[in-house]
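**Student:** Got a predicted structure plus its sequence, pasted below:
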Amino acid sequence: MPPPLLAVERLQTHFPTSRGVLRAVDGVSFTLERGEVLGLVGESGCGKSVTSLSIMRLVPPPGRIAAGRVLFEGEDLFAKDDEAMRRVRGARIAMVFQEPMTSLNPVFSIGDQIAGAVLAHAGGGRRAAWEHGVAMLDQVQMPSPRQRARDFPHQLSGGLRQRAMIALALASGPAVLIADEPTTALDVTIQAQILDLLRRLQAERGMAVLLITHDLGVVAELCHRVAVIYAGRIVEIAPVRSLFARPLHPYTRGLLQCLPHPSRFGQPLTTIEGVPPDLRQVTAGCRFAPRCVHVIASCRTTEPALEEREPGHFVACPVLR
Amino acid sequence: MLAYVVRRLGQSVLVLLGVSVIVFGLLHLTGDPTRLLLPLEAREEDVRQLRALLGLDDPLWLQYVRFLGHALRGDFGLSFKHQLPALTLIFQTLPATLELTAAGLTVALVVAVPAGVLAALRRNSALDALCSVGVLLGQAMPVYWLGLLLILVFAVQLGWFPAAGRDGLASLVLPAVALGAFSMARIARMTRSGMLEVLAQDYVRTAHAAGLRAFVVTYKYALKNAAIPLVTVVGLEFGILLGGAVITETIFAWPGVGRLAVDAIFSRDYPLVQAIVAVLATVFVLINLAMDLLYTYLDPRIVFVRSRG
């Protein structure tokens, strides 16, 4: 069996604060195969985005990668020098961010920004880079791409901006696309369009996608596999059908029960009682234990490890069967 | 875009009209000009005669219209002292002043912008601290003191540059440094704070994530954003430097408009003072106009917002 395209191994990313070290990501491991769409799901502040920024080595200071490895095509990204890492970013692993308004530079036209990204890797002339940018805008179904390339971000609607962002990310033909909440800032109808676009581009290009979201609906639509992350750790990872049909972790079950469902029409939405733990004060045992309805004594003392219950379905909970 | 340029031009004309009122008023603010022009022992009849000759008997508005008409044709009258058209004297000295001001601003920008960028990139480092000390010194030192200090060290003791006069590039160095130091400090501080803000923006992260070289991200993607507030400051600085040139030119015996103005004021050469104020104000307005137009190039959002608003 060939090695996975991307393997994150026991990743730890810490932020020093005045009240102790915040362990935003605390021992996350997963793999991403070629052409696979993996969802990374969790609530705000659980470490999803920090995981993706760690892979890109773009953790904002004072945050730092404290431990672990990220193997891309068998090479450790954390061992690369800055220039080698720069050649990976955009060219091999690219990223789409949540807020297309603030994530695009306001004082350069989108064509300029895409051309700049092309030139960073391909070299060649500005003209060719610009033409490539126009072609990319066409690929993301930007209407009249040649004219739009001259537009500045503020002249585009949110949906078109996100298309431009995707064109920018895919300009150098990356093998992996990390999409960090790509539809969260958009209207529902626009969300559906962008998801369709991502699905089509993923299939056409055969690229792997790491889709970061808190929206289980998005996961169900797009992903092959899904990893559920809680308080800086992965608690369950499974093929998407298996996860939705038979969630094995109490947190995953809680999340699924929170979704509105026609059979519960008229009833208040379910919530998971309590709040996530303070990541500066990590205690022994399972991090979900204080909120878990199935908790037993050993949960509070022993950190549960991920174990495979069904083919490809891993869960870090010994209680639920 | 064109509408914006036309509107800004119109505003500039209005400002210049206001300036003309003040310049016209200068002569009258100081009392009866004929009393100043004539010796103390002049006879009342001579006073009346001169007043009629200068048209000072006419209503004020008529005098103003006449003044404006002359001024528009570049006629501010003869300098009392030099007995030459005031504008001719200014055009003889203005190049020297513009040269000094431009040199001062260039020195300021060339040092301050990279220093500010580096200080922002290595925030809280020794380099950043060094820049802060430089900024403090630059802002705290009066130009006449710094000027004298520069002359003492680099002209008198080391003999590297001439102490005074305008004779080639070497003579430009010390006055330009003295003049530019204050602006240098301010621009460095602005650049640092602007860059700190911009470097924390999402689009800088996007640029890194797209694999752009760090140099390109800093000096193209980030600096263009940080330059927007900087342009305003540089425009204002140019005006301040034009004014500051008065002191610098006096210290370094630089044959510019500043020194001409000081001379004109001391010798109560009103037509010359009027002409200098009018010309400097015009230069200032034109520079501000140029800065505003540069702004629209740097920040495409400006025209858009205003033309919609």
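**Tutor:** Nice, I can see it. Residues are numbered from 1 along each chain as shown, chains lettered A, B, ... in the order given.
**Student:** CA only for contacts and neighbour counts going forward, please
**Tutor:** Fine.
**Student:** Residue B:252 contacts residue B:175, correct?
**Tutor:** Yes: counting by C-alpha atoms under 8 Å, residue B:175 is a contact partner of residue B:252 at 6.5 Å.
**Student:** Please identify the residues of chain B in proximity to chain A?
**Tutor:** Residues of chain B lying close to chain A (C-alpha under 8 Å from any C-alpha of the partner chain) are B:201-213, B:221, B:224-225, B:298-301.
**Student:** ok, of these, which come out buried?
**Tutor:** Burial by neighbour count, judged by 16 or more other C-alpha atoms under 10 Å in any protein chain shown, picks out B:201-213, B:221, B:224-225, B:298-301 from these.
**Student:** Okay, and which of those map to helices?
**Tutor:** B:202-209, B:224-225, B:298, B:301 (DSSP state H).
**Student:** biggest separation within those residues, which pair?
**Tutor:** Distances among those were taken as C-alpha to C-alpha; the most separated pair is B:209 and B:301, at 24.7 Å.
**Student:** and the residue of the stretch 101-250 of chain A nearest chain B?
**Tutor:** residue A:103 (4.1 Å; C-alpha to the nearest C-alpha).
**Student:** Quick check, pLDDT for the closest residue in space to that residue that isn't next to it in sequence.
**Tutor:** Closest residue to residue A:103 apart from its sequence neighbours, by C-alpha to C-alpha, 6 or more residues apart in numbering or on different chains: residue B:203 at 4.1 Å. The per-residue pLDDT reported for residue B:203 equals 93.
**Student:** Could you check how far residue B:203 is from residue A:174?
**Tutor:** Residue B:203 sits 19 Å away from residue A:174, going by C-alpha to C-alpha, to the nearest Å.
**Student:** try residue B:259
**Tutor:** Per C-alpha to C-alpha, residue B:259 is found 64 Å from residue A:174.
**Student:** Ok, residue B:151 next?
**Tutor:** Distance, residue B:151 to residue A:174, using C-alpha to C-alpha: 61 Å.
**Student:** which strands and helices sit next to the helix or strand where residue B:103 lies?
**Tutor:** Using DSSP states H and E, residue B:103 sits in helix B:86-121. Judged by 3 or more C-alpha pairs under 8 Å, 6 or more residues apart in numbering or on different chains; DSSP states H and E, helix B:86-121 is in contact with helix B:126-140, helix B:169-199, helix B:223-251, helix B:257-266, helix B:270-298.
**Student:** and among those, the most buried is which?
**Tutor:** helix B:169-199 (a mean of 23; mean count of other C-alpha atoms under 10 Å in any protein chain shown).
**Student:** same question for that one, mean pLDDT?
**Tutor:** Averaging the model's pLDDT scores along helix B:169-199 yields 89.
**Student:** same deal with stretch B:140-151?
**Tutor:** Average pLDDT, stretch B:140-151: 88.
**Student:** Over to stretch A:73-81?
**Tutor:** Taken as a whole, stretch A:73-81 has a mean pLDDT of 93.
**Student:** how long is it from one end to the other?
**Tutor:** Terminal residues of stretch A:73-81 lie 16 Å apart, using C-alpha to C-alpha.
**Student:** Also stretch B:154-174?
**Tutor:** Stretch B:154-174 has its terminal residues 8 Å apart, counting by C-alpha to C-alpha.
**Student:** Now that stretch: buried residues?
**Tutor:** Those buried within stretch B:154-174 under the rule 16+ other C-alpha under 10 Å are B:155, B:161-164, B:166, B:171-174.
**Student:** hmm, back to that, what about the residue of the stretch 101-250 of chain A closest to chain B, how many residues nearby?
**Tutor:** For residue A:103, the neighbour count with other C-alpha atoms under 10 Å in any protein chain shown is 21.
**Student:** Check the one 4 residues further on too.
**Tutor:** Residue A:107: 21 surrounding residues under other C-alpha under 10 Å.
**Student:** How about the contacts made by it?
**Tutor:** Residue A:107 is in contact with A:152, B:224-225, B:298-301, counting by C-alpha atoms under 8 Å, 6 or more residues apart in numbering or on different chains.
**Student:** quick one: average pLDDT of stretch A:240-256?
**Tutor:** The average pLDDT within stretch A:240-256 is 91.
**Student:** what's in contact with that stretch?
**Tutor:** If you take C-alpha under 8 Å, 6+ apart as the criterion, stretch A:240-256 is touched by A:216, A:219-220, A:223-226, A:228, A:235-237, A:271-272, A:288, A:292-294, A:313, A:315-317, A:320-321.
**Student:** How about stretch A:268-282?
**Tutor:** Residues outside stretch A:268-282 that contact it (C-alpha under 8 Å, 6+ apart): A:19-24, A:230-232, A:254-255, A:257-260, A:287-288, A:290-291.
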